[in-house]
Structure formats: C-alpha cells, structure tokens
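In: Have a look at this fold, sequence not included:
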C-alpha cells in the first residue's frame, strides 16, 4: 500500500471516529440535560395541574364557563381536558375542593374519567354524588370514583400511584356556604409537598387542628384575598409556612389591579392569571 493511500485511510478513520465521539457526547448531553422535576400549569381560577416526574394531579381544573368574574378553561383547552387528549392524557388523580361551578362541573369530570380509564376521582361525597347523578355514563366510570367523608377539622389519608394525600375537612368561606363540603389537599409526591385549600374560611380555627406548619410545605395555592390582608398573611405564615406561595382565584376582570397590589404587600408570591402559564421547581 502506498504511503499516501495509507495516510488517506488513516485520516478518514480518524475523522470518522471523532465524528462518532462528538455525536456520542451530544447524545449524552441531551440525555443528561436537566428537566424540571416539578411543573405546575395554571388551568383556570383555582385549577392547577401538578406534574411530578411521571405523576400528574389535577385540582379544580375540570369546570366550564360560569360567570364573568371567574376564569375558566377556554373551549380548546376544555376540549383537550374532557377528551383526555395530550398533554392531559396521563393524569393519575382528579381532586376537587368543592361543588361550586367555578371549581367543578360533573360532566367535565365524568367525560375525563370515561376517556382516561387509568384516572381516578377522589373527592367529597357532594362531588361524587353530583357526578353519579348527572353523568349519563356513570356506570362505566364508577370504579374510578372514590368518595371521601368530609368532617370539619378531620383528616383522611389516601395513597395511589405513589401519591400521598391528606384530605382536610375545612369550612368554606362565608356563613351562607356552611353546607358546602370544602376539602383541602396536602399532597406529597416525589419528596415535595403541595397544599391546596379551595375556598376555605380565613380563620385560624379552620386550620389549627392540622398542624400544617410542621409539614414543611413546599408550595401552597392560596386564594389571593388571604394575601391582601394583614390577618390573612399572618395566617399563611403561622398556619402553613410554605416555601412558595402561589395566589389563585384571581378574577380576569381585575387581575392587573390585584396583581399590582400583591406585588406591594406580598412581593414574593407568584400570581396565576394567564391560562396555561407554567412554573417549574
């Protein structure tokens, strides 16, 4: 073999090997590229989708247009949700704080369960009762529905798919809603804890039985009005003491005003106002 030909072959093999090595390095970098472990997507009003690795929990996210004062999933988003289409096709648990229509719609819940047989609804007897009465195909989904007894100041624990939940028996705000079963949710998955309190009454008595300040809560979803008063902010600190606060239930009619006020009095809080916005942790 001539020396020129030998060096040509050597150079070709060297370049090829370097190219293969470079491709392998890029592939490895892509494989090890950091992906957020926890992502929270705002659906509407108090509706949030928590993604923790492969686990997904939807709270108060399946409802329809109700009144102008309340944010709701727009038609395209609602269609994806109710039909369990990507990116909403792998939700493990549906949770609902209470029956008010800015948090819940029985047909939306029923449709999702029918279209995703791997999902389960776990909620109060009021919620599960409304689904059983109003969803025509309830017999097809009833094995996916688990009622939880609501008792004020009482806790019920539940676990599924590696997701631990403490259901908190809370009073709904305002005396006119005394009959409403408002459930709080303390969710633990992937080593983090999330708190969602629905429309809970803003009193120390409503929360003191649960010792939530000892739970080391990572993220708490708090109705914005708690954060706009001195008493509410003190309650959040003393009763929950979360690392991160996300303000929810902000009306689209005055979201700019509320967000501006929150920045003044509670600047560290995140305000959810834009449908489908996400935060990663």
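Out: Good, I have the coordinates. Not measured: the values here are computed from a predicted model. Numbering: from 1, shown residues only.

In: Which parts of the stretch 1-150 of the chain are helices?
Out: Per DSSP state H, counting those that start in this stretch, the stretch 1-150 of the chain carries helices over the ranges 3-32, 75-82, 106-115, 125-134, 138-141.

In: looking only at pLDDT, what's the mean for the first one?
Out: Right, helix 3-32. The average pLDDT within helix 3-32 is 42.

In: And for the fourth one?
Out: For helix 125-134, the per-residue pLDDT values average out at 98.

In: That helix: which residues count as buried?
Out: 126-132 (16 or more other CB atoms under 10 Å). (Each C-beta comes from the backbone N, C-alpha and C, glycine too.)

In: So residue 251 versus residue 271, what's the distance?
Out: 12 Å (CB to CB, to the nearest Å).

In: These two: which has the busier surroundings?
Out: The neighbour comparison of residue 251 against residue 271 (other CB atoms under 10 Å) goes to residue 271, with 22 against 17.

In: Next up, the contacts around that one.
Out: 224, 246-247, 250, 255, 258-259, 262 (CB atoms under 8 Å, 6 or more residues apart in numbering).

In: Could you do residue 91 as well?
Out: Counting by CB under 8 Å, 6+ apart, residue 91 has contacts 49, 56-58, 84, 112, 116, 119.

In: Can I have the buried ones of these as a ChimeraX selection?
Out: In ChimeraX, this line selects whichever of the contacts of residue 91 come out buried by 16+ other CB under 10 Å:
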select :49,56,57,58,84,112,116,119
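
In: And the furthest pair within the contacts of residue 91?
Out: The span of the contacts of residue 91, defined through CB to CB, is set by 57 and 84 at 14.8 Å.

In: before we move on, the earlier item: please enumerate the shared neighbours of residue 251 and residue 271.
Out: residue 258.

In: Check the burial of the residue lying closest to residue 134 once chain neighbours are set aside by counting its neighbours.
Out: Leaving aside its sequence neighbours, residue 134 sits nearest to residue 106 (CB to CB, 6 or more residues apart in numbering; 4.1 Å). Number of residues near residue 106 (other CB under 10 Å) recorded here: 22.

In: how near is residue 106 to residue 183?
Out: In terms of CB to CB, residue 106 sits 16 Å off from residue 183.

In: ok, back up a step: could you single out the nearest of the buried residues of helix 125-134 to residue 45?
Out: residue 127 (15.9 Å).

In: Pull the contacting residues for residue 138.
Out: So residue 138 contacts 110, 131-132 (CB under 8 Å, 6+ apart).

In: Check what pLDDT it gets.
Out: The model's pLDDT for residue 138 equals 98.

In: what does residue 234 give?
Out: 98.

In: Can you list the buried residues in stretch 167-179?
Out: Quick answer for stretch 167-179 (16+ other CB under 10 Å): 167-173.

In: Flag the shaky bits of this structure, pLDDT-wise.
Out: 1-36 (pLDDT under 70).

In: ok, which stretches of it are strands?
Out: 38-44, 47-52, 55-59, 93-95, 120-124, 145-148, 155-160, 163-171, 181-189, 192-196, 219-223, 244-248, 270-271, 278-280 (DSSP state E).

In: Please tabulate those in a markdown table, including the columns distance to residue 72.
Out: Listed next are the strands of the chain as a markdown table, based on distance: least, CB to CB, whole Å:
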| stretch | distance to residue 72 |
| --- | --- |
| strand 38-44 | 5 |
| strand 47-52 | 9 |
| strand 55-59 | 15 |
| strand 93-95 | 17 |
| strand 120-124 | 19 |
| strand 145-148 | 23 |
| strand 155-160 | 28 |
| strand 163-171 | 23 |
| strand 181-189 | 20 |
| strand 192-196 | 18 |
| strand 219-223 | 17 |
| strand 244-248 | 13 |
| strand 270-271 | 18 |
| strand 278-280 | 18 |
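
In: for those, which one sits closest to residue 75?
Out: Of all the strands of the chain, strand 38-44 comes closest under CB to CB, at 12.0 Å.

In: what helices or strands is that closest one leaning on?
Out: Counting contacts by 3 or more CB pairs under 8 Å, 6 or more residues apart in numbering; DSSP states H and E, strand 38-44 is packed against strand 47-52, strand 278-280.

In: Who does it pair with, and is each partner parallel or antiparallel?
Out: Strand pairing for strand 38-44, determined by DSSP bridges: strand 47-52 (antiparallel), strand 278-280 (antiparallel).
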